[in-house]
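[1] After the sequence you'll find the predicted model.
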Amino acid sequence: MQRQITLTLTAQSIIPVLLVALPYLIGIFNLHNGGNKSGSLSLMSVSLNSIPLVNPVSTIILVKSYRNIALRALGIDRNSISTSRVSRSTSIKGILILNFEGPLPQLVASFGWLPDGKLAYFLIPEFFCQIGTLCYCFVPFTYRYFHIVRNKTLNQLQFCLLIAFYLAPSTILSISLPILSSLAFDELTEYVGVGDPQCLRRIPMFNPDFVVTEPIRTISYGFTSVLSLIFAFPPLLIYCVVRIFQKLNADVQKSSTMGSKMQRQVTVALTSQSVVPILFVAIPFFLGIFNHKTMGSFSVMSISINLIPLVNPISTIILVKDYRQTIARAFGIEKHLQSIHRVSVFSSKGSFTGTST
């Protein structure tokens, strides 16, 4: 009850600020500093007209059923929200081009802010969320390694240092790449050509193979050498997974029959949760970085990032027998799996049970 009251009061305080006060003050500030007069007045007018929407918007945000109805009416689901982007990527002459199509870049462009290549600064939080999420996947398994294998529980400071270690390369990349793209905007635009002025603005992403201006080119190679640390993450993760499996498997041999069964389930669960991110996310992403000059490498990297929400469902399908059987029936391979299981039972027990466990 207290949590619901807290959420309600917080939403009723924040929503008027976001819908009314903040846009209105931005319009006044932009008008005072000689910005786009028409756009500023329109923004101020829209913010004032949004006052009647404060309570309905608060209700939609707070009530789950209303949220779901509103999202379905807009054709949006929760998975699409988690992977929504402010830009859309294409490739021209071997250079990745980001076309800005989100509402926030359009609003900034209407005010004349961030001209030319400075719009690339919008990519800093987007890159950090995407690459940071990928790098953070290594944190839980390293923590499990210390906890299970080394029998050491990290304190708050040590855990923060562990997170900083894995997020440092992604932070450097998410900040340096947009800045370098902004600095090399004129040179890259001259190479790929100017976009249609009637369309949305686009930013060519920095590529040292097509930039000859100094010291930008030299600085980019310095960042590349620092980011090579990222390639050590997958082997480190594999090492942690193998050591955790060996430790848990050794504990299984020492346990009683009931404890052995439970310990085996824990071993399978932790191993599956470790292997699935490696196969579906880490390896494709880092192969895309390593082969960045190959056609389709950026698509592989994008797909691997978008597969992050599928990691837990795939692990669940692998671990839960009913889900496995449902998927097997959907692909018509259930009988084949049952025959393999019977052979394994026969070889392990020396007798043919004829049933699946």
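    Thanks, I have the structure now.
[2] Let me see the mean pLDDT of stretch 174-185.
    For stretch 174-185, the mean per-residue pLDDT is 82.
[3] can you count the residues close to N151?
    Close neighbours of N151, defined as other CB atoms under 10 Å, add up to 8. Heads up, the C-betas are built off the backbone N, CA and C, glycines and all.
[4] do the same with V139
    Other residues near V139 come to 15 when the count uses other CB under 10 Å.
[5] Could you pull out the buried residues of stretch 143-154?
    Neighbour-count burial for stretch 143-154 flags 143-146, 148 (criterion: 16 or more other CB atoms under 10 Å).
[6] contacting residues around it?
    Identification of contacts with stretch 143-154 by CB atoms under 8 Å, 6 or more residues apart in numbering yields 159, 162, 240, 243-244, 247-248, 270.
[7] Quick one: those residues as JSON lines, columns for distance to G117, secondary structure and pLDDT too.
    Output for these, formatted as JSON lines (distance: CB to CB, whole Å; DSSP: H, G, I helix; E, B strand; the rest coil; pLDDT from 0 to 100):
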{"residue": "F159", "distance to G117": "38", "secondary structure": "helix", "pLDDT": "89"}
{"residue": "L162", "distance to G117": "36", "secondary structure": "helix", "pLDDT": "89"}
{"residue": "C240", "distance to G117": "41", "secondary structure": "helix", "pLDDT": "81"}
{"residue": "R243", "distance to G117": "46", "secondary structure": "helix", "pLDDT": "84"}
{"residue": "I244", "distance to G117": "46", "secondary structure": "helix", "pLDDT": "79"}
{"residue": "K247", "distance to G117": "51", "secondary structure": "helix", "pLDDT": "81"}
{"residue": "L248", "distance to G117": "51", "secondary structure": "helix", "pLDDT": "74"}
{"residue": "L270", "distance to G117": "46", "secondary structure": "helix", "pLDDT": "63"}
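[8] Rebuild the residues you listed as TSV, extending it with neighbour count and distance to I216.
    Formatted as TSV, those follow (neighbours: other CB atoms under 10 Å; distance: CB to CB, whole Å):
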residue	neighbour count	distance to I216
F159	14	37
L162	16	33
C240	21	38
R243	15	43
I244	20	43
K247	16	48
L248	20	49
L270	18	45
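[9] ok, the residues you listed vs I283, which is closest?
    The nearest member of the contacts of stretch 143-154 to I283, counting by CB to CB, is C240 at 15.4 Å.
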